[in-house]
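J.: Okay, predicted coordinates and the sequence, questions at the end:
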2 protein chains.
Amino acid sequence: MLSFTRSALRLKLTRGFASSTRLFDRAVVYSTNGNPAEVLRVLTYPDISPPGPSTVNIRFLLSPINPADLNVVEGVYPKKPNPADALSQFESDVDESPTFVGGNEGVARVTAIGDGIDNLKVNDMVVMVKQQTGTWATQRNVSSDDVLKLSSSQLTEVQAATLTVNPPTAYNMLKDFVDLQPGDWVLQNGANSAVGQAVIQIAAARGLKTINLIRDRPDVESLKKDLKKLGATYVLTYEDLANKTLKAQIKQWTGDKAIRLALNCVGGNETTLMARYLGQDGHLVSYGAMSKKPLSLPTSLFIFKNLTCHGFWQSQWYLTKSPEQRQHMMQQLVALIEQNKLRMTTHEIISISATLSDQEATTKIQNLLRDVGRGKILLKIE
Amino acid sequence: MLSFTRSALRLKLTRGFASSTRLFDRAVVYSTNGNPAEVLRVLTYPDISPPGPSTVNIRFLLSPINPADLNVVEGVYPKKPNPADALSQFESDVDESPTFVGGNEGVARVTAIGDGIDNLKVNDMVVMVKQQTGTWATQRNVSSDDVLKLSSSQLTEVQAATLTVNPPTAYNMLKDFVDLQPGDWVLQNGANSAVGQAVIQIAAARGLKTINLIRDRPDVESLKKDLKKLGATYVLTYEDLANKTLKAQIKQWTGDKAIRLALNCVGGNETTLMARYLGQDGHLVSYGAMSKKPLSLPTSLFIFKNLTCHGFWQSQWYLTKSPEQRQHMMQQLVALIEQNKLRMTTHEIISISATLSDQEATTKIQNLLRDVGRGKILLKIE
């Protein structure tokens, strides 16, 4: 396959050819960091080789475009993907820049198995546990350790595609820092984010109470209702935090029980205000900084209330946990989904049809990112 | 004793009387929070009663005026002392305000023992483990659990008087957050504070290396030399932190070993800059905020470097540890002092002579606080 010359390849990869039997793969790639709506391109290349020992070939069904994925493309994310060396040779431009495949999360089916693998078989549904694998592609060859087999056949493709980043972030933050018992309280901001919605639902399933903070907006009452339907105990706006009567109000809600866990994806002043509602020995866990402002807290909270501040990064969690621990967590999440206790946030599925040329597909992706911004998009690359 | 009428008491407590055989006690007290140089007063009252069961009478030898003690008087410290009810009746003013005795730390000798005490005897040297006991006094009656007997007779009064706050803060911060091994690195600001100097010495005794930050000042080179004599590995100014070559410099010093512990008593931008030199999984422990500015850190440090921020408060440590743990720590510190590995910062001893009237003594204390400010003062109330 690698003996294709570039000109022969270009000849074969015409639009007409693309609609016939699959003999090629496709990926959304980039060679330089920058604005995703400018640097992302769709690249077609020959069908990947049969898998080597301990590796599998997988075909992606759906791959989310997460905000962090766009940060990776922009080059502002600390984790850099490895270049997809096998693809660089199929690039039509002459410079020597490496080619990177975008995407971190996704659901795929195993299409071929290398030697020495006994925990996976063809047609198994898998999700990624290795970070920055490059999931915006039709097929990839990956180490069998880098994927996690889903035991359940109950999950929809959308549920499975968005299973490995946001729900585990919520699940682990509610578990790893404070030993919470049913009836305990959790405070969070950015409560309408994908993680925030998962926090509400997983907390509710565990019998935990949540006080949820959202931005004020024209339809705020309707959003409050939606989040309460998911299981939110109370929903407040950041403006409410500055209200002097809130302290007494929260005291009444909690029966003056100390709130020991607050989850933060905002930063800035809203988080400073939120932290003041944490009780003695509280923990503030940050997993994002949507305001792009630093976390700023009075030192007295640390000294006199014994506040502890942590960060949480699901990527790091996967790196430090055993396969058994990963599998156990995933089973818990799949069970919650099957019991309808954890619903995923709504996503728009964008198909990149095989009938589009690379140029047309590139335009479609770039327009999408320009128009839709950083919304909840799932790519289906045919 | 309590049958003294106020007028009879005032009659007896004349200057002439004070120089004869001790029949009264004295304390530095206040009734309202405010500027210590205005609200502190010296009050003379009859000799305290014999101790009740499980209590001891102690006579203070030396009692520091720590910055936190002044915060307590100002009313800005979260821990409030209990009023000294037995003293209020001897106040000459007619209002009903409670009387508080200032001071938290000090060394004393046991003068009388109540029933049911077997771990203390008369003449034992003790330090305080209960907070806000009110140590600026000649004598107090305290619960036997609230003092810790010093096993060593090697300590000077000054060493013993300043043993329970600053050295334990340094000792515990170097122990409770990161499992440091000889050769590991610690970063700290406010390195010339009493705690900072103890950190330098205790770290050196453990074979730990320290990078110490101080304010720039006219005699900075001489101070650097002094701190190095105490055992500081390197001493830098806050201005050095902003120097772009420092990263490479520190990398060279540490052999690129990650720094996992930073100690902070400053806050503000200096601490933000310092935190950037912490490595993966680093811990930032705050025990003060001399800049009076909040702790402000980029959220990315928490998420991507797994930074954890804690506070440390020695008062809280005493509350949560067993008598055995307190005793063990104190033995370790006493051993370091005896081995001349831990020298206390220089203090000025201020005597409040028994020949001074309350008014004269009050003026002396108030002038002292106005002139000396928050320096390292030890009170000796005769």
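T.: Cool, got the structure.
J.: residues from chain A in reach of chain B?
T.: A:78-79, A:264, A:267, A:272, A:286-289, A:294-313, A:316 (C-beta under 8 Å from any C-beta of the partner chain). C-beta coordinates here come from the backbone N, C-alpha and C atoms, glycine included.
J.: which of the residues you listed are buried?
T.: Using 16 or more other C-beta atoms under 10 Å in any protein chain shown as the burial test, the residues of chain A next to chain B include A:264, A:267, A:272, A:286-289, A:294-313, A:316 as buried.
J.: In helices only, show me these.
T.: A:Thr272, A:Thr299, A:Ser300, A:Leu301, A:Phe302, A:Ile303, A:Phe304, A:Gln316 (DSSP state H).
J.: Name every strand pairing with the longest strand belonging to chain A and say which way it goes.
T.: Longest strand in chain A by number of residues, with DSSP state E as the criterion: strand A:55-65. Looking at strand A:55-65 with DSSP bridges, its partner strands are strand A:107-113 (antiparallel), strand A:139-143 (antiparallel), strand A:377-381 (antiparallel).
J.: quick check: mean pLDDT across the last one?
T.: Mean pLDDT, computed over strand A:377-381, is 93.
J.: Could you do stretch A:239-252 as well?
T.: 94.
J.: cool, stretch A:148-168 as well?
T.: pLDDT averaged over stretch A:148-168 gives 88.
J.: got the ones in helices among the buried ones among the residues of chain A next to chain B as TSV, with distance to B:Ala37 and pLDDT columns?
T.: Output for those, formatted as TSV (distance: C-beta to C-beta, whole Å; pLDDT from 0 to 100):
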residue	distance to B:Ala37	pLDDT
A:Thr272	33	96
A:Thr299	25	96
A:Ser300	24	95
A:Leu301	29	96
A:Phe302	30	97
A:Ile303	25	96
A:Phe304	25	94
A:Gln316	52	93
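J.: so what's the residue nearest to the spatial centre of chain A up against?
T.: Centrality entry for chain A: nearest residue to the mean C-alpha point is A:Val165, 3.8 Å, by C-alpha atoms, centre = their mean. Residues counted as contacts of A:Val165 (C-beta atoms under 8 Å, 6 or more residues apart in numbering or on different chains) are A:Pro64, A:Asn66, A:Ala68, A:Asn104, A:Glu105, A:Gln314.
J.: Tell me who's in contact with the residue in the stretch 1-150 of chain A positioned nearest to chain B.
T.: At 4.4 Å from chain B, A:Pro78 is the closest residue in the stretch 1-150 of chain A, using C-beta to the nearest C-beta. A:Pro78 makes contact with B:Ser300, B:Phe304, according to C-beta under 8 Å, 6+ apart.
J.: Could you check how far it is from B:Gly102?
T.: To B:Gly102, A:Pro78 is 50 Å away according to C-beta to C-beta, to the nearest Å.
J.: what does A:Ser31 give?
T.: Applying C-beta to C-beta to A:Ser31 and B:Gly102 gives a distance of 69 Å.
J.: The two - which one has more neighbours?
T.: Ranked by neighbour count (other C-beta atoms under 10 Å in any protein chain shown), A:Ser31 and B:Gly102 place B:Gly102 first, with 26 against 18.
J.: residues near the residue in the stretch 101-250 of chain A positioned nearest to chain B, how many?
T.: At 10.0 Å from chain B, A:Phe177 is the closest residue in the stretch 101-250 of chain A, using C-beta to the nearest C-beta. Counted with other C-beta under 10 Å, the neighbours of A:Phe177 add up to 19.
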